[in-house]
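Trainee: Quick one, structure for this:
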Amino acid sequence: MSAKIPPPVSMRRRPSRSVPATIAAVLLLALGVALVWAAVVRLTQGSWPVFVTEPLRWLSETGWDSSRGWTGAVVLLLIGVILLLCGMIPGDFSALPLQAKPVNMPGLPGAAESGGVPSVRGGENVVMSRRAVARLAASTCDHIDGVASASATASSRKVHVDVTTALHGTSDVQHWVVDGVRSRLAATGLDPVPEVTASVRMRN
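Mentor: Got it, this is the predicted structure:
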């Protein structure tokens, strides 16, 4: 009797949000430092600094139904909506999916029912980071004839390689690089294989 295995759960496509998080952290830190400094000035001099009193005076003189009040409310609402969307909307996946290869381990439970491949509850997802894909593409170029140096960048759908060569026939080197990198990525198991492009320049 074999148990039903639920379908695999896809990995959530959510980036790190490091840039907006850093900006928000810096702004909050600056606000905290300003408030602490204002409190120190209030304790030492007996009055609040201008950057505290002026906004409070402006707010006290602004009516709720005035144009300035509505403008400030709309601006704050837009900022809140943008921050909320940054935290909720999924972004580009920061890794490329790999086709998982089954491993024959007959000693594990479930191997007999699955032809020697143990059943994993919920399935699995295997990925390779974009940085690893770029390093793999660049290292592949080191073994291609005519390539003096190479660097690569990778996105979720495209890999671009910058190559330097001492040869005069750059078109041949470009063809070799594109074919070699594409074959290496396919052999690694990337599914789908990203588009490979190359730029070749002669070494001075």
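Trainee: who are the neighbours in contact with residue 48?
Mentor: Applying C-beta atoms under 8 Å, 6 or more residues apart in numbering, we find residue 48 in contact with 38, 41, 42. For the C-beta atoms, the positions are set from N, CA and C on the backbone; glycine is no exception.
Trainee: Which residues outside the one helix or strand in the chain whose mean pLDDT sits lowest are in contact with it?
Mentor: Ranked by mean pLDDT, DSSP states H and E, the weakest helix or strand in the chain is strand 95-98, scoring a mean of 78. Under the criterion C-beta under 8 Å, 6+ apart, residues 125-130, 133, 154, 156, 188-191, 194 lie in contact with strand 95-98.
Trainee: Counting neighbours, which bits of whatever helix or strand comes next after that strand end up buried?
Mentor: Proceeding N to C from strand 95-98, the next assigned helix or strand is strand 126-129, under DSSP states H and E. Buried residues in strand 126-129, counted by 16 or more other C-beta atoms under 10 Å: residue 128.
Trainee: cool, stretch 39-56 as well?
Mentor: Those buried within stretch 39-56 under the rule 16+ other C-beta under 10 Å are residue 52.
Trainee: Can you get me the start-to-end distance on that stretch?
Mentor: 15 Å (C-alpha to C-alpha, to the nearest Å).
Trainee: Please tell me how far it is from the chain's geometric centre.
Mentor: Offset of stretch 39-56 from its chain centre (C-alpha atoms, centre = their mean, to the nearest Å): 42 Å.
Trainee: Begin at 788, not 1, for the rest of this chat.
Mentor: Okay, using 788 as the starting number, the last item reads as stretch 826-843.
Trainee: Thanks again, I'm all set now.
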